[in-house]
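K.L.:
Provide a 3D model corresponding to the input given below.
(4 chains)
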Number of protein chains: 4
Amino acid sequence: MMKVELRSDNAVGVAPEMLAALAAANHGTELAYGGDTYTEHLHNLVREVFEHPSARVFPVTTGTAANSIGLSAMAPPWGAVLCQHNAHIIVNEGGATSMFGAGLVMKGLGGDSFKIDPAELESFLEATGWGDPHVSQPAVVSLTSPTEYGTVYQPKEVATVAEIARRWNLGVHMDGARFANAAARLGCSPADLTWRAGVDVLTLGATKNGAMSTDAIVSFDDAASEQLVYRTKRAGHTASKMRFQSAQLIAYLTDGLWLELAGHANRAMERLAAGLGQLDVGFVNDPDVNILFVTMPPDAIDRLAESGVLFYRMDESTVRFVTAFATTDEQVDTAIALVGAALG
Amino acid sequence: MMKVELRSDNAVGVAPEMLAALAAANHGTELAYGGDTYTEHLHNLVREVFEHPSARVFPVTTGTAANSIGLSAMAPPWGAVLCQHNAHIIVNEGGATSMFGAGLVMKGLGGDSFKIDPAELESFLEATGWGDPHVSQPAVVSLTSPTEYGTVYQPKEVATVAEIARRWNLGVHMDGARFANAAARLGCSPADLTWRAGVDVLTLGATKNGAMSTDAIVSFDDAASEQLVYRTKRAGHTASKMRFQSAQLIAYLTDGLWLELAGHANRAMERLAAGLGQLDVGFVNDPDVNILFVTMPPDAIDRLAESGVLFYRMDESTVRFVTAFATTDEQVDTAIALVGAALG
Amino acid sequence: MMKVELRSDNAVGVAPEMLAALAAANHGTELAYGGDTYTEHLHNLVREVFEHPSARVFPVTTGTAANSIGLSAMAPPWGAVLCQHNAHIIVNEGGATSMFGAGLVMKGLGGDSFKIDPAELESFLEATGWGDPHVSQPAVVSLTSPTEYGTVYQPKEVATVAEIARRWNLGVHMDGARFANAAARLGCSPADLTWRAGVDVLTLGATKNGAMSTDAIVSFDDAASEQLVYRTKRAGHTASKMRFQSAQLIAYLTDGLWLELAGHANRAMERLAAGLGQLDVGFVNDPDVNILFVTMPPDAIDRLAESGVLFYRMDESTVRFVTAFATTDEQVDTAIALVGAALG
Amino acid sequence: MMKVELRSDNAVGVAPEMLAALAAANHGTELAYGGDTYTEHLHNLVREVFEHPSARVFPVTTGTAANSIGLSAMAPPWGAVLCQHNAHIIVNEGGATSMFGAGLVMKGLGGDSFKIDPAELESFLEATGWGDPHVSQPAVVSLTSPTEYGTVYQPKEVATVAEIARRWNLGVHMDGARFANAAARLGCSPADLTWRAGVDVLTLGATKNGAMSTDAIVSFDDAASEQLVYRTKRAGHTASKMRFQSAQLIAYLTDGLWLELAGHANRAMERLAAGLGQLDVGFVNDPDVNILFVTMPPDAIDRLAESGVLFYRMDESTVRFVTAFATTDEQVDTAIALVGAALG
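P.N.:
Next up is the predicted model:
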């Protein structure tokens, strides 16, 4: 029985273009630890793609590394990172930000559609005891876009949060583990989605979109960049053979490959959502990108699990479907049919 | 104009008995760093007062030190400390627990009367991804009793929480910054309020109840005790002249001085609450011990602030009153009269 | 002009067999974060290769990560890691062990041939204030083999150090960033070089020997292994697409590829050392593996730097040559000739 | 048998003047956590005594706290603190600096008379891989004066080290656990010994010189001061009843009490050294202040230990004698006589 993979965009392999980039980079010798020509090229490319004259890029192995190390360069140990209470950094990274941040704490705020509510952010900052050392001092707002629940911040929404942050002297971080999916959906320039809207440091995910264990911190803030040289190294994330991460990221960001791969995943989800929308199920979120949470009767989920569709069950009556750059129309249609059958 | 001090039980001085103990300890020479005869005596006394054969006591300077160092000895760095969301450790200690715990995180749970809701605790633990390294692993429940809002856990309530914790292999910590006030109110033995109800490590506050910058970690858990020898030292909390902390704590725990001082503060609050109860104000909490949050019209608070009563204003229409071991009936009656006048 | 790469074994690329393994692993979908079939296979393979029934393997990105995270699982924060004072962990990892170890310190000991002197180790342990919290408590001995200076611990030397460590209740760690080079040189079984000689946790390097940013922690100690599940994740080193690391390591450890690659590098150094030995230069170390430090007149070094040989200059009159799995006889002979010419 | 206390200046009690200051401060109520009038006074007094317009003072419980928290405010986590290899911070504080510094490392340098050798410092800094994240970046030089071995840096020696530090952009820290003993010996102004010679942050010891568990961080550096507000609090060293620490320090620094007490201890040591100098023993150090290490035959030490003199034995044939503010001439003469007798 053919399996339809809808568990995670981490479950698929590596995009052929990036595998080819690895092979192509495997000749000659290069200085280690980022002193290679690929990484130099990558820096220039990131500045070009993000239209920023001094952006710096730090390839790391995982999104957890990118988020937690990036945040540790933006906040003092007595600071607080504010995020929506469902954010990956507070729920799913084992406290990495608090470790790398030397006791930096995270505070979860509310908000609809899994996004930070600007009014709640403003109230939180107004109620903060600024300068009172009893109180963890808010230092960064971290936005996850797309969110863990597949919704996306519009550039204007980013700007609204960032404007509040700026007014209170907080930095702005974006967890963009699926940044390409957001960019592909919104059709905005990377600059408009990040630093032009107020983002200082970005986690630029690539692994979920076809790379091989390669994400990156993109810093638009010089002070953070200086710290990151040291912070990535002592976290064990400065690969000696960095050229292979950089080569992948070069392929990724060249000629729009990243948007193409992510656009494919998004369209697969559109097709899936359109099909499921005809069935008797509920949607927990707007599938802005490649993630959809669906409610259906428990026994139907039980049947679906036996049917060949691979997915995550969140609770008795909720499942998560995630499409990827490799998801085919045939797989989507099969999944729709199998859900229909499971519903009986 | 005489000021009536109702801001904090930290604002008053040192109880005469403890000041006398300092002077009495100031003769002869003693080994430093806890090798003195006073500290040895204190260990025996704590075991007697708490009816526990192997309890150990670690004098430290502040409640923040006692809480955060104590918790760091109970949880691995990848753990989570669960507490009520208003707990001092999560709101008012500048992230100390996360620092000493090497990235240990705190999670705030709900609950009425500022106490942890056992059902919510149980649900949280049921929903936890045990063994999943993405998820901070719950390792300790920390109870604050009395709470920051002047309510008290009944021994049975402690036991209910502790039983849940035990079932899920969590340790139980009690922030007893005002432990004597709880013991005095409940009339229970210290043992019944702590280890017999399931508490492993206690912050035994004394400073708010008449001591001079001396609180203590009381550990009923041998594994934690072994760690605390090292953890207190490298936190800079192992005083060379520990005898002066120990001498105070000996005076405190001898002949019920601690309960007498705390009972006095509690009774002052009873008198205050009885008087205020006759006026047109609201009570935010049951004043189980020496803390009362009161709502009254903003302009009345403005007038009260001019009247000679010292208090903390929490927001536009809420104030906090705290009585102490040194509060007199006359001060209480003056305060009641001034509140009455401020209400107009 | 053809360049002869002798700067570092990090400067060469990826061995064809491991690149092929990446491509071969790129089909189908797999559970993320180590739940894949490759990683499962790798665990079994490591147990087989190391002849240990419960060894566990944790792929990470760098040797720094492997060393520092591994050590943090072996020592309490108030502990000390003892190593030779030239060890990579104390000289070249930016304090990573102290960071991941939450303030764990490193102490450098002396010793000939860049190896720990057992007598000095014993003296250090005898002079330690055990149980005195003023004193960082020795908790682990970390051996680097091969050392940074290309010398190798004989199994008996490992056992001598480990026996001392064991007697004082210290764990034994081995930084084996070039472990395969040692194994190839000594012709011993991996088990004899590690756990049978007393090693608890091994950094198994692969990157310097042909892998693509993939080293691993191999733990023979169950308590450390349990911690490492959490410690690797919150360090951002648990790759979602771990299968690609595992696939490389499977290729590496299968059919002796690792020993073949390392043996090649060792033999290239033998050839180089034999050639240089005919010239008027000095050797700082015995080139047991693929590293040689050579002294020569400063102006000869200046000329050599212009000649096409790539190397590191350590000081005015010392250079480092490192061979790799990809070094050819022709390159070696060219280098010898160019050194001869530079000497004039 | 009367005991003569020569183990430690920590073993004696509290100077009467400081005990009196505690009692005198025990009236009325005061704002907690340093918002009191005593602490305000102390700030002004420190600025006057140290002739510095913006110095700030942070009372803490121990010298370990003062050193480690002070250093953590002067260096990034990837930094290194350079000190003489016998320094208290590296030998006797259980790694506190590495903990509070989030993995900050300490490097021990050599030097005669237990003081940093400026030439070795300069060489170390010259050999450092600046900007290389593999290498812990030197960020602070910490001088201990008086040293653990009772020697003292002359102002000019401080300035020499500080000038080197400044040239390489390092901060300068002074562990002055016995600062008053140095000041009393040298007859220099506190300013000349500290900031005028280049010191940025000072541990101002008081406990060893008659205070009750009260030392202080004195910061001449505004950036460090801002951090210390938060760092002391989250270390649990911001006492709610700070007035009692401040009242002691006010008494200490007023009318030269600190110099008088320290001068007494120094003179007791002069007397002791003069007497011992007549006997057949060796001196390990110049007793610049109140500490003397003496070599004598092992069996004589055995006899001395039985004689009523309390001292620390460092090894078979070395003992440490420390005088204090409370040491009497009679005690000194008794000690000399008993050493004479023990020598036989």
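
K.L.:
after the longest strand along chain A comes which helix or strand?
P.N.:
For chain A, the longest strand by residue count, based on DSSP state E, is strand A:137-144. Next in sequence after strand A:137-144, counting helices and strands by DSSP states H and E, comes helix A:155-167.

K.L.:
for that following helix, buried residues please.
P.N.:
If you call a residue buried by 16 or more other CB atoms under 10 Å in any protein chain shown, then helix A:155-167 has these buried ones: A:155, A:157, A:158, A:159, A:160, A:161, A:162, A:164, A:165. (Glycine included, C-beta is placed from N, CA and C.)

K.L.:
is the longest strand of chain A anywhere near chain C?
P.N.:
No: with CB under 8 Å from any CB of the partner chain as the threshold, strand A:137-144 lies outside contact range of chain C, at a closest distance of 15.5 Å.

K.L.:
so what strands line up beside that strand?
P.N.:
With DSSP bridges as the test, strand A:137-144 is paired with strand A:79-84 (parallel), strand A:171-176 (parallel).

K.L.:
ok now the top helix by length along chain A, how far from the chain's centre?
P.N.:
Using DSSP state H, we find that the single longest helix of chain A is helix A:257-277. Using CA atoms, centre = their mean, to the nearest Å, the distance from the centre of helix A:257-277 to the centre of the chain it belongs to is 17 Å.

K.L.:
tell me the residue of the stretch 201-344 of chain A that sits nearest chain C?
P.N.:
Chain C sits closest to residue A:236 of the stretch 201-344 of chain A, with a gap of 2.6 Å, by CB to the nearest CB.

K.L.:
apart from its chain neighbours, what residue comes closest to that residue?
P.N.:
Leaving aside its chain neighbours, residue A:236 sits nearest to residue C:65 (2.6 Å; criterion: CB to CB, 6 or more residues apart in numbering or on different chains).

K.L.:
next one: residue A:334
P.N.:
The shortest distance from residue A:334 to any non-neighbouring residue, by CB to CB, 6+ apart, is to residue A:4 (5.3 Å).

K.L.:
run a quick neighbour tally on the one you found.
P.N.:
Burial measure for residue A:4: 25 neighbouring residues, criterion other CB atoms under 10 Å in any protein chain shown.

K.L.:
measure it to residue C:46 for me?
P.N.:
33 Å (CB to CB, to the nearest Å).

K.L.:
still on that earlier bit, these two touch, right, the residue nearest to residue A:334 and residue A:331?
P.N.:
Yes: with contacts counted by CB atoms under 8 Å, residue A:4 reaches residue A:331, the gap being 4.7 Å.

K.L.:
coming back round to it: count residues in the vicinity of the residue of the stretch 201-344 of chain A closest to chain C, would you?
P.N.:
Residue A:236 has 30 neighbours, counted by other CB under 10 Å.

K.L.:
tell me the contacts of residue A:122?
P.N.:
residue A:164 (CB atoms under 8 Å, 6 or more residues apart in numbering or on different chains).

K.L.:
what strand or helix carries it?
P.N.:
Secondary structure (DSSP H and E) places residue A:122 in helix A:118-127.

K.L.:
local confidence estimate at the residue in the stretch 151-300 of chain A that chain B sits nearest to?
P.N.:
With CB to the nearest CB as the measure, residue A:235 is the residue of the stretch 151-300 of chain A nearest to chain B, at 12.6 Å. Residue A:235 is assigned 98 on the pLDDT scale.

K.L.:
count of residues packed around the residue nearest to it when sequence neighbours are not counted?
P.N.:
Spatial nearest neighbour of residue A:235, excluding adjacent residues (CB to CB, 6+ apart): residue A:69 at 5.5 Å. Other residues within reach of residue A:69, judged by other CB under 10 Å, total 27.

K.L.:
equivalent analysis for residue A:110, please.
P.N.:
Residues near residue A:110, counting by other CB under 10 Å, number 15.

K.L.:
just the pLDDT for the residue nearest the centre of chain A.
P.N.:
Geometric centre of chain A, nearest residue: residue A:177, 1.5 Å, by CA atoms, centre = their mean. As predicted, residue A:177 sits at a pLDDT of 98.

K.L.:
so what's it closest to, chain neighbours aside?
P.N.:
residue A:205 (3.8 Å).

K.L.:
how about the residues of the stretch 101-250 of chain A by chain B?
P.N.:
Counting by CB under 8 Å from any CB, the stretch 101-250 of chain A comes close to chain B at A:101, A:102, A:103, A:104, A:105, A:106, A:133, A:134, A:135, A:136.

K.L.:
with distance to residue A:314 as extra columns, can I get these in TSV?
P.N.:
Conversion of these to TSV gives the following (distance: CB to CB, whole Å):
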residue	distance to residue A:314
A:101	29
A:102	33
A:103	31
A:104	29
A:105	27
A:106	22
A:133	40
A:134	37
A:135	34
A:136	30
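
K.L.:
picking that back up, which residues touch the residue of the stretch 201-344 of chain A closest to chain C?
P.N.:
C:60, C:61, C:62, C:63, C:64, C:65, C:66, C:68, C:69, C:96, C:235, C:237.

K.L.:
can you give me the helices for the stretch 201-344 of chain A?
P.N.:
Secondary structure of the stretch 201-344 of chain A, counting by DSSP state H, counting those that start in this stretch: helices at A:222-234, A:242-253, A:257-277, A:298-306, A:329-343.

K.L.:
how about those helices in CSV, adding mean neighbour count?
P.N.:
Below are those laid out as CSV (neighbours: other CB atoms under 10 Å in any protein chain shown):
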stretch, mean neighbour count
helix A:222-234, 21
helix A:242-253, 27
helix A:257-277, 21
helix A:298-306, 16
helix A:329-343, 18
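
K.L.:
could you dump the ones you listed to TSV with distance to residue B:256?
P.N.:
TSV is the format used below for these (distance: least, CB to CB, whole Å):
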stretch	distance to residue B:256
helix A:222-234	53
helix A:242-253	67
helix A:257-277	69
helix A:298-306	59
helix A:329-343	69
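
K.L.:
nearest to residue A:38, out of these?
P.N.:
Closest to residue A:38 of those is helix A:242-253 (CB to CB; 3.9 Å).

K.L.:
what residues of stretch A:12-24 count as buried?
P.N.:
For stretch A:12-24, burial by neighbour count (16+ other CB under 10 Å) applies to A:12, A:13, A:14, A:15, A:17, A:18, A:19, A:21, A:22, A:23.

K.L.:
which of the residues you listed come close to chain B?
P.N.:
By CB under 8 Å from any CB, no member of the buried residues of stretch A:12-24 lies near chain B.

K.L.:
now, which of those residues sits nearest residue B:150?
P.N.:
Checking the buried residues of stretch A:12-24 against residue B:150 by CB to CB gives residue A:12 as the nearest, at 55.8 Å.

K.L.:
which residue is it, in the stretch 201-344 of chain A, that comes closest to chain B?
P.N.:
Closest point on the stretch 201-344 of chain A to chain B, by CB to the nearest CB, is residue A:315, at 8.5 Å.

K.L.:
against residue A:294, how distant is that residue?
P.N.:
Taking CB to CB as the measure, residue A:315 and residue A:294 are separated by 12 Å.

K.L.:
ok, those two, which is more surrounded?
P.N.:
Legend: neighbour count by other CB under 10 Å for residue A:315 and residue A:294, higher for residue A:294 (24 against 10).

K.L.:
re earlier: with distance to residue B:307 and secondary structure added, can I get the contacts of residue A:236 in JSON lines?
P.N.:
As requested, the contacts of residue A:236 are exported to JSON lines (distance: CB to CB, whole Å; DSSP: H, G, I helix; E, B strand; the rest coil):
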{"residue": "C:60", "distance to residue B:307": "65", "secondary structure": "strand"}
{"residue": "C:61", "distance to residue B:307": "65", "secondary structure": "coil"}
{"residue": "C:62", "distance to residue B:307": "66", "secondary structure": "coil"}
{"residue": "C:63", "distance to residue B:307": "69", "secondary structure": "helix"}
{"residue": "C:64", "distance to residue B:307": "64", "secondary structure": "helix"}
{"residue": "C:65", "distance to residue B:307": "63", "secondary structure": "helix"}
{"residue": "C:66", "distance to residue B:307": "67", "secondary structure": "helix"}
{"residue": "C:68", "distance to residue B:307": "60", "secondary structure": "helix"}
{"residue": "C:69", "distance to residue B:307": "60", "secondary structure": "helix"}
{"residue": "C:96", "distance to residue B:307": "59", "secondary structure": "helix"}
{"residue": "C:235", "distance to residue B:307": "57", "secondary structure": "coil"}
{"residue": "C:237", "distance to residue B:307": "61", "secondary structure": "coil"}
